[in-house]
Structures are given as C-alpha cells and as structure tokens.
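A.B. asks: Okay, sequence plus prediction incoming.
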Amino acid sequence: MKKLFAVTVVLLLVLSSAVPAMYPSTQEASAEALRQLQAAPTAFTAATPVLPGSEPLGPITPLPTPTPFPRPQTWIAGETSVSRLSENDRRRLLGVPREVLEWERLQASHEIARPGVLYSYPSTKDWRNINGQDWTTAIRDQGNCGSCVAFGTVGAIESRQEIVNNNPGLSPDLSEAHLFFCNGRRCDTGWWPSAAMNYARDTGIVDEACYPYADHDQPCNLCSNWQSRVTKITSWIGTSNVPAMKQALADKGPFEATMTVYTDFFYYLGGIYRYTWGEEEGGHAITIVGYDDNGGYWIAKNSWGTEWGEGGWFRIAYGECGIDDYTYIPCLLFGDLDGDKDVDVNDIQAVANHWRQRSGDPGWDARFDVNGDGVINIVDIMKVSAHWGDTCE
C-alpha cells in the first residue's frame, strides 16, 4: 500500500510538470495589456493601467482584469459592469431582432459604387470634440431592458438638435421611455430602428421630465401637456453606402446604426474593437458620433453606462460585426415650418403672416415663435432666414 501511494505521488508530480500553463499569469497579462493599450491610437481611451510596484502617489488606476480567452490585438478585454451580469441579463440588453440584421446585411450586399459622386468629408470627425466643443449628450444606461433602439435613436436626434440650433450647450434630454413604451414595446422583445425613426418623425419624442425612463415594462404614462413638448425630426433616410455615411456625419451630425454583438464585446475596456472570441449573442443599436480614416474605425456611443468601454463610448473597426451594413440618418431642419423638407421663402412668409402675435392671442401657433420668447417679430424672421436653403436631401 505504501509503495502504491508513493508511485501515485510521483506520477502526479511528473504529470503536473509536463502540462503547460493554459493562461498567462496575471503579471504577464497585465504587462501585455499595457503594451497593447499604449500601442493603440488614442482618442477618449481608458486610463493607462499602472503595473504593480510602480504606482504613483494618490489614487491608483486599476489594471484590466485578465480573462481566460484569446487576447485581442487592437483592444483591451477585462471585467466590466456588463461582463459581470448573468448570461440572460447580458442578452437582454440586445434589442435588435435577428431579422433586422439579416435585412440590413442584404441591403449592404446590393450596394453598388456610385460613379461620378464626389465626396468632400474630412479624414476624421468626432462630434465629441469640434474645436473644443462637445456636440453630443451624456452617456445613458438602458439597464435591464432591450430598449437599445430607443437609446440609439435618441442619441442621434439629441446631437442633431444641438447642431441645428448651433448650441453645444443645449444638452437636450429626450425620453427613451416615450419612444419605446408608448409604442407598445417590451424589454424582452426589442424593436426596429426604422419604426423608431418613423415615430420620431410622425409623433415626436417628449423630454425626459415628461416621461422618465425606468428599465422595466410599463404602460405609456406621459405628462398631461406632452403634445406641446415633443421634438420631431423632419425625415430620415437609410443607406448602406459608407462614403455617404461619412459625408452625412461630417455635414450634419451623428446617426444610428446596429451591430451583431459577440461575447467578447461585453468585456470591452478600450481600443479599436474587432471580434476575437465568443458566440453570437444578439443585435444591438448604437449611435455613431465620428470616424477616423487614418485608424480605420468608427466612434460610437453605447447605452450601457460609463463603467463599460471608454467611459461608455467605443471604437470599432470599419466593417466589423455589420456596424456599417446599414445606417439610419435623421434629418432636423431649423425653420422648415411647412414640412416640405427644405427652408425657403414659403417658411419665411409663414412667420411673417403671424407678425406681432403674442402667446395667448387667438390663433396663436408656437411653431412660428422660433426663438421661443412669446412674440413673433423680426427676430423670428431673421432666424429662419439664416437657414435659407437648408434641406434634408
């Protein structure tokens, strides 16, 4: 018996020394993560990790947590607020139905080059920083609900509100709950971006205070004066033409897109995302706010809070995960009072026809009080005239 025990111990020691380590040590993974992060192009990246033993005085930036998966070459993987969720809760975040992704993929396959079309967009654009001004709105958190389409739609419209009003400090806050739940949507079924854009065009979206968002199914519960508080888009277009996407983004602002999410995306901490490991989890809607032709990536706004990604933002390589198969581009026009998708003499005449009317007067129509001061006068005419020739085409 003692001999058998000794032989067993020896065999175990031999076997253990012969089996290579499956994963790198924490120190090796951390060092490699640091090298990757420093090599990646910098634009709103996560804070540079600090290796153990070289911490500066004061607050210490935590290292990315190594994961037992293949290490990405262009981005950093680690534990995030989303990766810590259960498998069901993670998938619940993905509210774009598979048939939408398949239809978009089909549109992309039919896209053909447009000979003779000249594009003038710059090589880079990032609406978070245009000459030091931020034309985007804050990162939101959809919580435990597949309402990403509402957040992707609202993110694009809010930015375009600031741009069309030439006011980066406007900071509109539209109600994702109105857009999602007042269309009878449920957290476990998701929605279609085209339907969300149609609703923003035909009905509009109220401000957040009129209908605050909560991440659970609920009846439509708007404030009493909601109809006077809606923001509408003039129209929207969809395209699978990537140069046209960049031109639209450079000229008039962010738009909505969808993507296929794989398991590794839940672990994204920073860098330029490319699919590396994991199974297909579902479809997701986001807001594209910029691009970089030098680095070959889009810049996007997610709706998973600030503890995921680069403070809630992410960069993703062109063509990755269907990100640019098809995009939904809203159009907002300042001064298109007759709804014909351009600003012309008819809109200016419409304001003039209400000259000197005041709020409360018979026949008062707030649409023509474009600067919102309660009286229609030369200031309103001048503000509409400043947008003469603007169009959604």
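C.D. replies: Structure received. Not measured: the values here are computed from a predicted model.
A.B. asks: make it CA atoms for all contacts and neighbour counts henceforth
C.D. replies: OK.
A.B. asks: Show me where the stretch 101-250 of the chain has its strands.
C.D. replies: Under the criterion DSSP state E, counting those that start in this stretch, the stretch 101-250 of the chain contains strands at 124-126, 235-239.
A.B. asks: Burial-wise, tell me which of the ones you listed comes out on top.
C.D. replies: Of the strands of the stretch 101-250 of the chain, the one with the most neighbours on average (mean count of other Cα atoms under 10 Å) is strand 124-126, at a mean of 20.
A.B. asks: what residues does that one touch?
C.D. replies: Strand 124-126 is contacted from outside by 250, 289-294, 299, using Cα atoms under 8 Å, 6 or more residues apart in numbering.
A.B. asks: mind putting those residues in a markdown table, pLDDT and neighbour count included?
C.D. replies: Converted to a markdown table, the contacts of strand 124-126 look like this (pLDDT from 0 to 100; neighbours: other Cα atoms under 10 Å):
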| residue | pLDDT | neighbour count |
| --- | --- | --- |
| 250 | 97 | 21 |
| 289 | 98 | 25 |
| 290 | 98 | 23 |
| 291 | 98 | 25 |
| 292 | 98 | 19 |
| 293 | 98 | 14 |
| 294 | 97 | 9 |
| 299 | 98 | 22 |
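A.B. asks: Of those residues, which is the nearest to residue 77?
C.D. replies: Among those, residue 299 lies closest to residue 77 (Cα to Cα), at 17.8 Å.
A.B. asks: Quick check: bridge partners of that closest one?
C.D. replies: On the basis of DSSP bridges, residue 299 is bridged to residue 290, residue 315.
A.B. asks: Low-confidence regions, this protein specifically.
C.D. replies: The model of the chain has pLDDT under 70 over residues 1-67, 393.
A.B. asks: how about a cut-off of 90?
C.D. replies: 1-71, 111-118, 333-344, 347-351, 353-357, 359-360, 363-373, 376, 379-381, 383-393 (pLDDT under 90).
A.B. asks: which residues in the stretch 251-393 of the chain form helices?
C.D. replies: Here the stretch 251-393 of the chain has its helices, by DSSP state H, counting those that start in this stretch, at 345-352, 378-385.
A.B. asks: wait, I meant the stretch 1-150 of the chain
C.D. replies: 2-18, 26-39, 87-92, 98-110, 148-164.
A.B. asks: Residue 318 is nearest to which of the strands of the stretch 101-250 of the chain?
C.D. replies: The closest of the strands of the stretch 101-250 of the chain to residue 318 is strand 124-126. By Cα to Cα, the value is 13.2 Å.
A.B. asks: Domain ranges for the protein, per the record?
C.D. replies: 87-331, 345-385 (automatic domain parsing).
A.B. asks: Return the most buried member of these.
C.D. replies: Mean neighbour counts for the domains of the chain (mean count of other Cα under 10 Å) peak at domain 87-331, with a mean of 20.
A.B. asks: Now do the end-to-end distance for that domain.
C.D. replies: Using Cα to Cα, to the nearest Å, the end-to-end distance of domain 87-331 comes out at 37 Å.
A.B. asks: And residue 145, how far from residue 181?
C.D. replies: Residue 145 sits at a distance of 11 Å from residue 181 (criterion: Cα to Cα).
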